[in-house]
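Student: Quick one: sequence plus predicted model below, questions after.
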Amino acid sequence: MLFSLSLSLSPTTLTSSPRFKFHSCPHVLPPKPPPPRLRASSQAHHVILEDNGSFAGAGAAVEENILPAGLRTETMPRHVALVMDGNRRVLSVFAFSSENWFRPQVEVEFLMELFERGMRDEMGSLLRENIRISVIGDSSKLSRSLQELITRTEEATKTNCGLQLIVAVSYSGQYDIVQACQKIAVKVKDGLIEPNDINESLIEQELETNCTKFPYPDLLIRTSGELRISNFLLWQLAYTELFFAQSLWPDFGEVEFLEALKAFQQRQRRYGGRDF
């Protein structure tokens, strides 16, 4: 099962992040501890390791040696995207790919019910922790009750200015590009734009990730040892650095996350250019 989650982390506005909780379910083994919690102050431009095992932002006065060994403050990724594969347990916040509809019906219904219950249960946490949530994907395939719940959740959190959490449900990168092209084609047909007006910027405006201020991911982390991006954010990952972790998502924790950050900071990001 593939769960895809995109976290948009703004160093200047990030105040807190959701705890990645696991629900106990029949025939599901208890999970290992969740990944580290990310927090940052309004002055934060980097991440440090706290004594409690979480991550938090620090002001400019924080000394460099507070960071875990090998990490540099000036090259922290602003936006990390996660493809949480290898997960046989249930997260309170998770995503569902377009291809997952081909799973057995009983499994699909089970996951949709869990998603709906999880979103309803976490509403209080989203509001308390100043989290804005946006759900992207083909909502027409979702139940009416889930569609209405998503609408209420997005409306209730739209003014939150902390973490921007984008959850992809019934989503694929190909779907996103196709629906953007369809919207543009309608505008051409209606005479609102000319074919020559179509460019990268116009396509980006029609992508579902345009639902919020969406910096393209700096780093994509794929768990479970699979060396593919599985139709996730295909347009948006054009210049994203990729990190493939061997551990399954329930086992992906603080140590693995630090490894991903260190690997990211060793990359030379040229965005199609070259060093001279």
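Tutor: Here it is on my side, so go on. Residues are numbered from 1 along each chain as shown.

Student: got the end-to-end distance for stretch 244-262?
Tutor: This stretch, stretch 244-262, spans 13 Å end to end (C-alpha to C-alpha, to the nearest Å).

Student: Buried residues, it. List them.
Tutor: Neighbour counts over stretch 244-262 (16 or more other C-beta atoms under 10 Å) mark 244-245, 247-252, 254, 256-258, 260-261 as buried. C-beta: built from backbone N, CA, C; applies to glycine.

Student: Checking my notes, Trp101 in a strand, right?
Tutor: No. Assigned with DSSP: H, G, I helix; E, B strand; the rest coil, Trp101 falls outside any strand and is helix.

Student: quick one: the closest residue to Asn210 other than its chain neighbours from Ile198, how far?
Tutor: With C-beta to C-beta, 6 or more residues apart in numbering as the criterion, Asn210 has its nearest non-adjacent residue at 6.6 Å, and that residue is Glu204. With distances taken as C-beta to C-beta, to the nearest Å, Glu204 is found 11 Å from Ile198.

Student: Can you name the residues in contact with stretch 143-156?
Tutor: 112, 115-116, 119-120, 123, 126-127, 133-135, 139, 142, 169 (C-beta atoms under 8 Å, 6 or more residues apart in numbering).

Student: so Cys161 makes contact with Glu129?
Tutor: No. Using C-beta atoms under 8 Å as the test, Cys161 is too far from Glu129 to be in contact (11.5 Å).

Student: Compare those two (neighbour count), which wins?
Tutor: Of the pair Cys161 and Glu129, Glu129 is the one with more neighbours under other C-beta atoms under 10 Å, namely 18 against 13.

Student: Check the average confidence over the helix or strand harbouring Val167, would you?
Tutor: Assigned by DSSP states H and E, Val167 belongs to strand 164-171. For strand 164-171, the mean pLDDT works out to 85.
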